[in-house]
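Novice: Here is a sequence with its predicted model. Questions after.
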Number of protein chains: 2
Amino acid sequence: MKDYIIHHEWKIIEEGFEPSFNRISESVFSIGNGKMGQRANFEEKYTGDTLNGTYVAGIYYPDKTRVGWWKNGYPEYFAKIINSTNWIGIHVKINGEELDLAKVKILSFTRELDMQHGLLSRRFVTEMKNGNQIEVCSHRFVSMAASEIGAVRYSIKALNFSGKIQIKPFLDGDVVNEDSNYDEKFWVEIARAVGGQEGYLTLETLKTQFRLCTGMWFHATKNGEKTNSEIINSDREKYVEAIQKIDVSAGDEIVVEKLTATVSSLYYDKEILVEKAQEAIELASGAGYDLLFESHKNYWLKKWETSDIKIEGDVAAQQGIRFNIFQLNQTYTGEDERMNIGPKGFTGEKYGGVTYWDTEAYCFPFFLSTAPQKVSRSLLVYRHKHLQRAIENAEKLGFSGGAALYPMVTINGEECHNEWEITFEEVHRNGAIAYAVYNYVNYTGDKDYLAPYGFEVLLGISRFWSLRVNWSEAKQKYVMLGVTGPNEYENNVNNNFHTNYIAVWTLKYTLEVIEYLKKEHPYLFEELVRKWKFNELQETARWHHIIENMYFARDPKNKIYLQQDGFLDKALIPADELPEDQRPINQNWSWDRILRSPYIKQADTLQSFFLFQEDFSLGELKRHFDFYEPLTVHESSLSPCVHSILAAKIGYENKAYEMYLRTARLDLDDYNNDTEDGLHITSMGGTWMSFVMGLGGMRVVNGKLTFRPFIPENWKSYSFRIDFRGAHLEVIMQHDKFTVVNHSTVDVMVTIWEEERKIAGNDKQETIVHEKQSA
Amino acid sequence: MKDYIIHHEWKIIEEGFEPSFNRISESVFSIGNGKMGQRANFEEKYTGDTLNGTYVAGIYYPDKTRVGWWKNGYPEYFAKIINSTNWIGIHVKINGEELDLAKVKILSFTRELDMQHGLLSRRFVTEMKNGNQIEVCSHRFVSMAASEIGAVRYSIKALNFSGKIQIKPFLDGDVVNEDSNYDEKFWVEIARAVGGQEGYLTLETLKTQFRLCTGMWFHATKNGEKTNSEIINSDREKYVEAIQKIDVSAGDEIVVEKLTATVSSLYYDKEILVEKAQEAIELASGAGYDLLFESHKNYWLKKWETSDIKIEGDVAAQQGIRFNIFQLNQTYTGEDERMNIGPKGFTGEKYGGVTYWDTEAYCFPFFLSTAPQKVSRSLLVYRHKHLQRAIENAEKLGFSGGAALYPMVTINGEECHNEWEITFEEVHRNGAIAYAVYNYVNYTGDKDYLAPYGFEVLLGISRFWSLRVNWSEAKQKYVMLGVTGPNEYENNVNNNFHTNYIAVWTLKYTLEVIEYLKKEHPYLFEELVRKWKFNELQETARWHHIIENMYFARDPKNKIYLQQDGFLDKALIPADELPEDQRPINQNWSWDRILRSPYIKQADTLQSFFLFQEDFSLGELKRHFDFYEPLTVHESSLSPCVHSILAAKIGYENKAYEMYLRTARLDLDDYNNDTEDGLHITSMGGTWMSFVMGLGGMRVVNGKLTFRPFIPENWKSYSFRIDFRGAHLEVIMQHDKFTVVNHSTVDVMVTIWEEERKIAGNDKQETIVHEKQSA
């Protein structure tokens, strides 16, 4: 855990430069716009420890799978979003001496991320070895309004000298990934050009042949006046630069504006890429930095209007939650259905920028509630586009007849992961994808999505479940053998409760959807039956039989469902009785010891209690929470949120708040000592959930919005914003009063505690909070 | 499956050269002497497909562990016996043209391995591109009598030309392993020297710094006369050579004798290695090829006297069983307790030449019955020497108090394997190592081994078992969670029958040994108690409690023990109902499908029924065999032998013979299409077991030798040889008569069927065989 980020409601601030924290700060201060992203690397040269990261969504390299012992079914490659052309670079020489924060004396240093406006800035004063002092101020943003544009404003003030300041804006495509099998480079140059204020670099990835053209344009002013000094260009393979030397006297300030465009073959014909980059550069340079920033800033201001959470009385908490919202919004915008959300977003190489079930399980609700409907819909369509590949994936594992198994990890629908106990066995992910369809329809009411998209995905997944179970003669029940549940501290278990439960739920929901389709879209349904060779009678008969006869292991004594067969054979010692020096167990215990222990990495049985809350009584929930929570070590960043939400529901408000706090500032305070690898983007979705569903107690039950809020004692108030079926609501919780403000013209029904209220357009509803109302 | 090896009682013969079989033949025709071994690579240059293999026992390189997903507890390296200096090479030019069987016309070709005398030979006639025809005859052996010596006699006859034959004997240490992470080379040169007929190369391994000096001496004759032509030496890094050009006329025959010595830092100070090699070369060259071969041959003739198996009426079977015995004997001689048996012996790179539980489970009985007592004792001492490392290995996995877990794969006692489900969970190997101690004492009567060697190993293993189980409150029994049994088609299961059984057995046997020590070696025992901080009262109390309360899953309906918890939940479809195109399942099914299937790779529950035969009635055995055999797919070369032995015991003679045949010619006929990687050396021990214990029905029960033999219908007779407690017996089975001949002066009691007989020294006993006697 670190504690060097200064608390501020809207800003992330680092005062003073600590090189050993640099990789962490590079992650924390990352910026992006859903299409591309950039770690907070320096514009000027830096020879200290750094992880360069410039990522473009959808541009990946299929690196050869690395494995000790091959198992049948493993994929040949794992995809990774790779480091691409560095467009931020502006190297600086002061009277011939290179500016490099690893080598000069730093007199002051501030790094700041203005989340309200999406602006990264740095301000520092240094003394060069030659005694020259300068003050540097850099601003940078990746435009939300014009997604191809990155912009830098970089000013250098000569404090105590006269002489020459040399600036060198450049584009560098000769980049590497730290995570590469054999230090390979993934890019080849297609073309380069540089002249005057402009430069272009066109590169193509090996194997996948994605082509990327990056353009730059810059201009420099001195004390606000255009400079006329000569620009000298040069270039080499995968690299172009422009050098300008400017005479300065003490007090002079040079300002460099560097505007860049990154265009790719994802959107344009390869042949016209350079042309497109030139067009973008022309537009951008015409508009200039200020105007570009204006439209970017406005985008963010609008974004905050629909997604902000405010906390009064706790600046650290306020900063934490806004940071999460900021990062989620700059990671995914839903404009391109081919994109998804990597666990680290654009902030590091780890997990390769590819998609896990994290998206559906942890991020989906945030976008569902705070973004236009098409954004969450895009996330669903992403999976629908991959349906054929999911069917092929299931075939590879021996399932036929249109059964679909979505990959554990993917970028283009093909499986990229290679640990048998995860890749082949962590099949509950299929359920999460089915649940997202339900979640979307339940929240938005957009039933049309079911015909045909939603239905097709549900059919493939239901077919998978119906083949993945087998009839146990011994139990006279269906069983599901050899799975890994969400709790990855168990592998290859039988009858994982959550997996069995979500399988049965998928079958039920698919049957419901079939009834709906038959009634509302009979002709389309007939077409789908033919397209998918759906033998309704026979297939649904089996589904019904499975629904009625699925096995769930139970402990009759404690009246709880068991996480899996044999769970009670473990030595059930609460986690807090473990010696401190053995925690976290994943750093101190060998894998077999973890597996045979009762310790739970993240909500597993309780994951079902979270997703299917209506199916269980409060008493049941409490029994299960009381049994499983003491065994849960929360060694996944994705764990505390679910526990927080359930604790809130039970009325364990302290536990709920404790669990919320564990996620809220995870990266800002580098809790897990791994923020240097990148931010835990998908876990930020979980934090949002634990706020809105935990503290706010928000649910959508049968399409109806309900709240059971509580407020931590040390906060004065909080509020959050949500979109719901055309209405835009501001939900405000104070200690004595709960208010829902309807900022739209659409009337909406909400249930507050057990009471149903209508909130008319542009009206609000206040509810007095009684003692322990939520308990 | 291939069928190109010509059947012969004593020889392995290949007629005609088929390049695509070359790697297979290189494996099959391998020779060795327990200290070093050599694939059947050619002496002359060969540019076709080949796997060069020259291995020296105990000389390994710790290659970096390669893994996709790291788990806590994995070892940093995996050791491999590496390819070392090629000493066989003699390159040949005929009138300037290189002899290379990949490039010349082959008029005839025979490769032959004379197993009776341990001699590899080749004879071929070729026509060079220049029209010159030659007849080549090569003989090669690795001396059993002088373990440092390798010898080649290579003759070239000019058939139709006059001119020059150039011979170039050389030593080449610039070798690689195909199985190398990054095509690294593992050797560095320390010194080289060459002059006249002699050459020396001293190399050292990277990291492990084993030093090896290889010396060569050669001389050439023409038509039996010494040649006087000049010898030209040259050398480069890791390479020395001598070239001699000899004038020939049609009909002339050149004979080259090349004698080599390989000495290593395992036996001598590094500083005197060259000297030692020179001494060995001096002795060898003084003796000459013929004399060296004479003593080698005599060693083999003697070896066969104690270990031969004869079969009348089936040449293929005769060849098969002798091949197995030959290979076992040339892989391990028991002279050096630091050596052990790799699954491929010296015949290939696969499995790195390191030690698995195969040694104890499959090879140990062969050496116990056919070799001097010290040979099997050496195998035990190997493990005793590694006890401290096994304790450290257990500590790494969280076990304290002197618990020992022997590694899954090792060369020096450290774990080298890195698959969590095997490395950490296939703990039954510990039981196999304990059982070997019992097996040795039971067979030889050498109880002295128990004090202290045997006891120390048993104590460490018993302590491991007592910590590896845990008390299940739910079952009110001890359970063992998260293991992998011998059947590796199940991973991370609970209460594997064999593992639980052998754990309890180890505890019982250790208690027995403690009683023996207290009675017979009380002072030594007191010393051991202190040395091992053995709290006898407390520790043995727990052992007793475990022995009395261990859980074994049972099927009450079929009255059988279950392989593991939940086994009956599987879809129990017999393996022969699987479509042919899905077999073997390990090539056609994904790993998860294999895991949740009921199919058994190799004997698992039945492994206990084999090892602990006295514990189960024939009825119990039959029930278990009838249940598990139909589910067993025998996709391990180590599987059929145990089933063969048990089938024989039940009276399923056809099944026993069928299972025996599956292993007997595994490599000669390349059943599994993998002989090119090397021979299945450890499985050959299993074949021997299935012959002697299956067909021969031999057991040692409470130290007493018993037989219940049967003979396959199509055989006329068979006989095998065994050493037993000072006696040397020849056991002969004919259809009407069973004879035990005592070739020693020691009287011995044997039980034939149920009848106990005394066979006096140099006497024999005949028993009439009745119809279905064995049933």
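Specialist: Cool, got the structure.
Novice: What helices and strands are in contact with the top helix by length along chain A?
Specialist: Using DSSP state H to define each element, chain A has its longest helix at helix A:273-307. Helix A:273-307 makes packing contacts with strand A:133-142, strand A:149-158, strand A:198-205, strand A:211-222, strand A:253-264, helix A:315-331, strand A:717-724 when contacts are defined by 3 or more Cβ pairs under 8 Å, 6 or more residues apart in numbering or on different chains; DSSP states H and E. Heads up, the C-betas are built off the backbone N, CA and C, glycines and all.
Novice: go again using 7 Å as the cut-off
Specialist: Here helix A:273-307 touches strand A:149-158, strand A:198-205, strand A:211-222, strand A:253-264, helix A:315-331, strand A:717-724, going by 3 or more Cβ pairs under 7 Å, 6 or more residues apart in numbering or on different chains; DSSP states H and E.
Novice: what residues does the longest one touch?
Specialist: Helix A:315-331 has contacts (Cβ atoms under 7 Å, 6 or more residues apart in numbering or on different chains) with A:7-10, A:12, A:31-34, A:115, A:118, A:303, A:307-309, A:311, A:341, A:345-346, A:363, A:366, A:664-665, A:668, A:679, A:681, A:684-685, A:687-688, A:691.
Novice: out of those, which are inside helices?
Specialist: Per DSSP H, the subset of those in helices is A:K303, A:S307, A:F366, A:A664, A:I681, A:M684, A:G685, A:T687, A:W688.
Novice: closest to chain B among these?
Specialist: Closest to chain B out of the ones in helices among the contacts of helix A:315-331 is A:I681 (21.1 Å), distances taken as Cβ to the nearest Cβ.
Novice: related to what we said a few turns ago, show me what counts as buried in the longest helix of chain A.
Specialist: Across helix A:273-307, burial judged by 16 or more other Cβ atoms under 10 Å in any protein chain shown covers A:273-274, A:276-278, A:280-281, A:284-285, A:287, A:289, A:292-293, A:296-297, A:299-300, A:303-304, A:306-307.
Novice: Kindly reformat the helices and strands packed on helix A:273-307 as CSV containing mean pLDDT and distance to A:G402.
Specialist: What follows is the helices and strands packed on helix A:273-307, written out as CSV (pLDDT from 0 to 100; distance: least, Cβ to Cβ, whole Å):
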stretch, mean pLDDT, distance to A:G402
strand A:149-158, 98, 44
strand A:198-205, 98, 33
strand A:211-222, 98, 36
strand A:253-264, 98, 34
helix A:315-331, 97, 33
strand A:717-724, 97, 35
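Novice: Please render those as CSV that adds mean neighbour count to the earlier fields.
Specialist: CSV is the format used below for the helices and strands packed on helix A:273-307 (neighbours: other Cβ atoms under 10 Å in any protein chain shown):
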stretch, mean neighbour count
strand A:149-158, 23
strand A:198-205, 23
strand A:211-222, 24
strand A:253-264, 24
helix A:315-331, 24
strand A:717-724, 21
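Novice: Mind checking those for the one nearest to B:T50?
Specialist: Closest to B:T50 of the helices and strands packed on helix A:273-307 is strand A:198-205 (Cβ to Cβ; 38.1 Å).
Novice: which ones are touching A:Y200?
Specialist: Per Cβ under 7 Å, 6+ apart, neighbours of A:Y200: A:R192, A:A193, A:C213, A:G215, A:V274, A:A277.
Novice: in the sheet, who's paired with it?
Specialist: On the basis of DSSP bridges, A:Y200 is bridged to A:A193, A:G215.
Novice: What distance do you get for it to chain B?
Specialist: Separation of A:Y200 from chain B (Cβ to the nearest Cβ, to the nearest Å): 37 Å.
Novice: One more: A:V633?
Specialist: With the distance defined as Cβ to the nearest Cβ, A:V633 ends up 14 Å from chain B.
Novice: That residue: neighbour count?
Specialist: Number of residues near A:V633 (other Cβ atoms under 10 Å in any protein chain shown) recorded here: 21.
Novice: For chain B, what is the nearest residue in the stretch 201-350 of chain A?
Specialist: In the stretch 201-350 of chain A, the residue that lies nearest chain B is A:K350 (12.9 Å; Cβ to the nearest Cβ).
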